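[1] generate coordinates for the sequence data below:
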Amino acid sequence: MTVLKLKFSFQRRVRLAQGLWLLSWVAMVSGALTVATGVFLKTELIRRAEVMHNNDIHIVPNLLMVVGLASVGINICAGKVCQDSLDASRFPRWKNFLTPFFCVSIFFTSILLVAMILSYALQPSLEESLKVGLKNGIRFYKDTDTPGRCFQKETIDRLQIEFQCCGNTNYRDWFEVQWINNRYLDFTSKEVKDRVKSNVDGRYLVDGVPFSCCNPASPRPCIQYQLLDNAAHYNYEYQSEELNLYNRGCRQALVNYYMGLMNTIGPAVMSIFLIQMTVLFSLRFLQTSMQAVEGQENVEIETEGYILEKGVKETAKELQEKVMSFFKQVQVDVSPSASEPGAGEPEKEATPAS
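    Residues are numbered from 1 along each chain as shown. Next up, the predicted model:
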């Protein structure tokens with residue numbers, strides 16, 4: 001049973017070719033935008049690579065860039081097919097090209113859906129990656145003189161200022177690590193000695209946070225040290241007063257930022273997917289309606305166009321048989337013949353009997 005069979009007059013075929021040519025250019029621009037979107041998302045992820053434990057989420061921009069480039073090429077070919085379809089003598093040269101072209105196009109177009117699904121499915125992975133990455137970033141914050149970590153302090157400070165966040169989960173994460181380098185500590189001071197001795201690992205822990213945690217919108221001058229000591233500050237109650245620090249953790253801030261990008265990109269990718277599928281369906285109608293013109297003296301006759309000549313099951317079975325036949329043929333041509341084991345050996349000369 002033919003799937004989606006329609007009748008096309010000559011004028012309707014011309015209008016289809018002209019409209020499809022315009023739509024293919026729209027789809028080509030959409031493909032370029034997909035590449036640009038992938039590059040932008042990739043750049044944003046690379047910028048925060050120091051606070052990410054793994055790169056699983058990078059598969060989304062990678063897919064967008066690959067599919068976007070493929071979409072540009074697909075739609076350039078589709079536009080050329082539309083031009084040649086206006087001339088019945090030039091269209092037959094695409095006959096053997098269009099079937100594999102449709103298979104490749106559908107494959108790459110389907111990857112758009114995969115990219116959109118992954119952008120939402122990888123949220124837990126992104127959150128876990130940021131959790132571990134930020135934990136390590138805070139732990140190495142003080143290592144400004146250690147090769148490979150010397151820019152970690154600047155990275156964390158800029159991150160907290162830009163995203164208005166503090167710590168991994170909240171500001172208390174800074175209480176659990178020594179974030180001040182030893183060379184800036186006066187070990188002759190009794191306070192420093194007592195704090196270091198009181199810690200099992202010999203770390204200098206304080207109930208304070210870096211300056212980048214301070215919220216400039218607070219009317220009170222920033223209190224970043226002795227945050228849990230009410231007596232250390234005038235008119236201060238840390239349990240009831242709203243601290244003049246950022247309350248949000250950087251992990252949640254970054255997850256919200258990246259998922260905001262994904263939520264914007266998702267509908268855009270879906271729109272591009274629908275445009276691309278419209279191009280492919282229309283091109284299939286144009287192909288099948290033009291095939292009926294081949295060999296006809298009158299090229300202005302009414303023809304029929306369809307998506308599948310047979311039903312979906314029959315077409316899938318036929319395609320499977322063709323693929324299997326192709327691979328069997330390749331295997332026969334490549335593998336050496338097992339029936340002639342001595343074919344490659346020179347024949348021995350027969351010795352005359354004495």
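
[2] give me the three-state assignment for residue 200.
    Applying DSSP: H, G, I helix; E, B strand; the rest coil to residue 200 yields a three-state assignment of coil.

[3] any idea how many residues pack against it?
    Neighbour count of residue 200, defined by other Cβ atoms under 10 Å: 5. Every residue, glycine included, has its C-beta placed from N, CA and C.

[4] look up how far residue 207 lies from it.
    Distance of residue 200 to residue 207, given as Cβ to Cβ, to the nearest Å: 18 Å.

[5] any stretches of this protein with poor pLDDT?
    1-3, 240-242, 295-296, 309-312, 315, 322-323, 326-327, 330-354 (pLDDT under 70).

[6] quick check: longest helix of it.
    helix 250-291 (DSSP state H).

[7] now do the contacts for the residue nearest the centre of the chain.
    Most central in the chain under Cα atoms, centre = their mean is residue 60, positioned 1.2 Å from the mean C-alpha point. Residue 60 is in contact with 38, 41, 115, 118, 119, 122, 262, counting by Cβ atoms under 8 Å, 6 or more residues apart in numbering.

[8] can you give me the strands for the stretch 51-200 of the chain?
    Counting by DSSP state E, counting those that start in this stretch, the stretch 51-200 of the chain has no strands to list.

[9] which parts of it are helices?
    59-85, 95-121, 123-139, 152-163, 190-198 (DSSP state H, counting those that start in this stretch).

[10] which of those helices sits most buried?
    Most buried of the helices of the stretch 51-200 of the chain, by mean neighbour count (mean count of other Cβ atoms under 10 Å): helix 59-85, with a mean of 21.

[11] of the contacts of residue 60, which is the nearest to residue 16?
    Set against residue 16, the nearest of the contacts of residue 60 by Cβ to Cβ is residue 115 (29.8 Å).

[12] what's the angle from the longest helix of the chain to helix 152-163?
    Interaxial angle, helix 250-291 versus helix 152-163 (axes from the mean of the first three to the mean of the last three Cα atoms, to 10 degrees): 70 degrees.

[13] for stretch 204-214, measure first residue to last.
    21 Å (Cα to Cα, to the nearest Å).

[14] over to stretch 75-95?
    Stretch 75-95 end-to-end distance (Cα to Cα) = 17 Å.

[15] which residues does it contact?
    Taking Cβ under 8 Å, 6+ apart as the rule, stretch 75-95 contacts 13-14, 17-18, 20-21, 24-25, 27-28, 31, 98, 101, 276, 279-280, 283, 286-287, 290-291, 293-294, 299.

[16] how does it look with 7 Å?
    By Cβ atoms under 7 Å, 6 or more residues apart in numbering, the surrounding residues in contact with stretch 75-95 are 14, 17, 20-21, 24-25, 27-28, 31, 101, 279, 283, 286, 290, 293-294, 299.

[17] cool, stretch 272-281 as well?
    Contacts of stretch 272-281 (Cβ under 7 Å, 6+ apart): 20, 23-24, 26-27, 30, 34, 71, 75, 78, 102, 105-106, 109, 112-113, 307.
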